[in-house]
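> Sequence and computational prediction follow.
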Amino acid sequence: MLTSPTSRLDEFLARPRRAMWSMALPMMIGMALQTLYMIVDMIFIGMLGAEALTAVAFDMPLVFLGLGVTFGLGSGVTAVVARYVGARDAPGADRAAENGLLLGLGLTAFFTLLGGVWGRELLGVMGVPASLLPLAWEYFGPIVYGYVFLVLSTFLRSILAGEGDMRTPMMIQGASTLLNIALDPLFMFTFGWGVWGAAAATVVSQAAAAVAFVWLLYAKGRNYVTFDPRHFRASATVMGELARIGAPASFSFLLMAIGGGVFNRLLIEYSPDVVAAYQVGGRLDHVVLLPMISISTALVTLVGMFRGAQRLDLVRGIVRYAMAWSIGIGVVTAFLFVPLAPWMMRGFAEEAGIIAAGTAYLRIIAWGYPFIGISMLAGRILQGLGLGSPVLLLTVMRLLLIAGPLAFVLVYWIRSPVEWVWAAMLVGIVVTAGVSIAWLRAGMRSAENGAQPRRAVELDAAEHTAPV
């Protein structure tokens, strides 16, 4: 039997800790499958040779950009829908979801045009050597033209997350990921499509997920949010609210993508093997970050719901509980990754240079895992409270003010070993965590003194009465 979001809300209010795990665990399973796919995909690409692995490594910042901007705006949709569900305002939730989809389609048009027309030039700007550019485009091209499926599945999943339903998206996304893993060797080796086949498998699996989400959200009686084209009306005010909360997270992913490209450019000064090691290390980081991402994403919904229901006491309690778990996970995994780093790297590559650089990366960055959890949760909690800018500004601080400048000096001025660059990244992580805690405390105080977010009818009234 299906659980309605209103009864789900009552259950969340009664048992907030259980609510966090009921949302985080399904997401964790889905993301574990996604992480498994990322690892398997990298192993398959590595079987094509070191050149293929390095070419795809150069693609990753741009691929991450598309993923990140989509996820960032989608998290804004989740936060706004969750607040309306918490306030038991069904028309507001419908309006937020409808305008969120419209925003997503605009995003699709922009990025598809950008990637299709200037994709090769962008790869060159990101530092792809001329010899690897055709191979890099083989992977990036299909991803660009299949971007619409990623946007649809992400935004529709975000709407369900705003209702508090993480299980259904996990099932759909998990099935899509398993399909992707099955298609990878078929397309890459059986059909002989190589790197292009890896990208094609990704697009096909994302298309399957998008179709499943569209069917689910248009099936009558399955969810709280309803889509009726006859009643749909674009609202600049609602869209502005979605962008105000979600756009900073998208820009933070944009900065992280640019930062990844910048670090690729810096690391190529050592060797292509170091670039590949950095990207493989990032995949392994994701294994550790998976539970933290799941918990922080669940908090966007829970904090939004509790904020909408005027239960800031529950917000404080769930924040303390989630922080304790995230820090504990970071500490435990750091102690596991440090001794196991060489064996983990050998699962991806045979080249001694990649293994050595990747081992050094993991043994240094692992000590930042607890601090990454702090920053990640703080940013998402503030987003759930309706404060989107901290996510972006914390990323600016970590990449543009600390890690990036330090790494530039170390590579070009001091000519230091690559281990110093990994240490510069760690410094940025630790300092940003300290600032995020201070910002979270200030945000909680502001929420305690603030007013309840306006309902949908009030947003519409404001739009009609606003001066032209």
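Everything's here; your move.
> any idea of the mean pLDDT for the strand or helix carrying Leu67?
Element membership of Leu67 [criterion: DSSP states H and E] is helix 50-86. Averaged across helix 50-86, pLDDT comes to 84.
> Pull the distance from that helix to the chain's centre.
5 Å (C-alpha atoms, centre = their mean, to the nearest Å).
> quick one: buried residues of it?
50, 52-86 (16 or more other C-beta atoms under 10 Å). C-beta coordinates here come from the backbone N, C-alpha and C atoms, glycine included.
> Ala243 contacts Ser75, correct?
No - using C-beta atoms under 8 Å, Ala243 and Ser75 do not qualify as a contacting pair, with a distance of 11.9 Å.
> now the helices for the stretch 351-468 of the chain?
Secondary structure of the stretch 351-468 of the chain (DSSP state H, counting those that start in this stretch): helices located at 352-365, 369-384, 389-395, 404-408, 418-449, 456-465.
> Please name whichever of the ones you listed is nearest to Leu33.
Judged by C-beta to C-beta, the one of the helices of the stretch 351-468 of the chain that comes nearest to Leu33 is helix 369-384, at 20.4 Å.
> Kindly export the closest one (C-alpha atoms) in PDB.
The C-alpha trace of helix 369-384 is given here as PDB (Å, rounded to 0.1, in the frame of the first residue of the first chain):
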ATOM      1  CA  TYR A 369      36.900  12.900   5.000                       C
ATOM      2  CA  PRO A 370      35.500  13.900   8.400                       C
ATOM      3  CA  PHE A 371      35.800  17.600   7.500                       C
ATOM      4  CA  ILE A 372      34.200  17.000   4.100                       C
ATOM      5  CA  GLY A 373      31.200  15.600   5.900                       C
ATOM      6  CA  ILE A 374      30.900  18.600   8.100                       C
ATOM      7  CA  SER A 375      30.900  21.100   5.200                       C
ATOM      8  CA  MET A 376      28.600  19.000   3.100                       C
ATOM      9  CA  LEU A 377      26.000  18.600   5.800                       C
ATOM     10  CA  ALA A 378      26.200  22.300   6.800                       C
ATOM     11  CA  GLY A 379      25.600  23.400   3.200                       C
ATOM     12  CA  ARG A 380      22.600  21.200   2.700                       C
ATOM     13  CA  ILE A 381      21.000  22.000   6.000                       C
ATOM     14  CA  LEU A 382      21.300  25.700   5.200                       C
ATOM     15  CA  GLN A 383      19.700  24.900   1.800                       C
ATOM     16  CA  GLY A 384      16.800  23.200   3.500                       C
END
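> what comes into contact with stretch 78-88?
Outside stretch 78-88, the residues that touch it by C-beta atoms under 8 Å, 6 or more residues apart in numbering are 5-6, 9, 90, 92-93, 96-97, 100, 158-159, 161-164, 224-225, 238, 241-242, 245-246, 297, 300-309, 383-384, 386, 452-453, 455-456.
> which of those residues are buried?
By 16+ other C-beta under 10 Å, those give 5, 9, 90, 92-93, 96-97, 100, 158-159, 161-164, 224-225, 238, 241-242, 245-246, 297, 300-309, 383-384, 386, 453, 455-456 as buried.
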